[in-house]
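Enquirer: Let me see the structure of the following:
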Amino acid sequence: MNIQAAVLCDYAADYQGKLCIQGAFDTLYARQFPVIHPACALALRLCFENEDCGDHKLGISIADEDGEPLDKERMPIVGDLKIALPEGVSFFTRNLIMNFQGLKFEKDGVYSVDVTLDGELVARTPIRLVKVDQQG
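Expert: Numbers count the residues shown, from 1 in each chain. Next up is the predicted model:
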């Protein structure tokens, strides 16, 4: 599996196989912590080849600098991923979009959105939380 895109953004959609990403970001600013980010999305574009065929587990988690999940009760989010290429096709791509609402960040620092396949890390997208003063 080849990860062609793993982007944290304000909004993402799949239009007839085209991945549309709006408002890609890697930094959030807050005046105080904890802070709740109301809504965002993880946009993934995956490319599969013959060697990827079979049943897999796809995992998504958001973790702090110490590797602690943002939500220990709900993360990692794990789903079944069955891959089968149509006859005569050497590869195909799929867009996956995971919407998040009400993400609570306890402190400033660097976090990561981790994507795993069968328990192995295949993509890591960093996100930085920055505390700003009242003037900034």
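
Enquirer: is it true that residue 80 touches residue 57?
Expert: Yes - in this structure residue 80 lies within contact range of residue 57 using CB atoms under 8 Å: 6.6 Å. In short, each C-beta sits where N, CA and C put it, glycine included.

Enquirer: Quick check on the two: which one has the bigger neighbour count.
Expert: Taking other CB atoms under 10 Å, residue 80 and residue 57 do not tie; residue 57 has more neighbours (13 against 8).

Enquirer: What ranges in the protein fall below the confidence cut-off?
Expert: 135-136 (pLDDT under 70).

Enquirer: contacts for stretch 116-131?
Expert: 1, 3, 6-8, 25-33, 35, 42, 44, 56-62, 76, 81, 105, 107-115 (CB atoms under 8 Å, 6 or more residues apart in numbering).

Enquirer: Quick check: chain neighbours aside, which residue is closest to the spatially most central residue of the chain?
Expert: Compute the mean C-alpha point of the chain, and by CA atoms, centre = their mean the closest residue is residue 42, 3.9 Å away. Closest residue in space to residue 42, ignoring its immediate chain neighbours: residue 98 at 4.4 Å, by CB to CB, 6 or more residues apart in numbering.

Enquirer: Give me the sheet partners of the strand or helix carrying the one you found and which way each runs.
Expert: Assigned by DSSP states H and E, residue 98 belongs to strand 91-105. Paired strands of strand 91-105, with direction, are strand 35-49 (antiparallel) (DSSP bridges).

Enquirer: Done for today, thanks.
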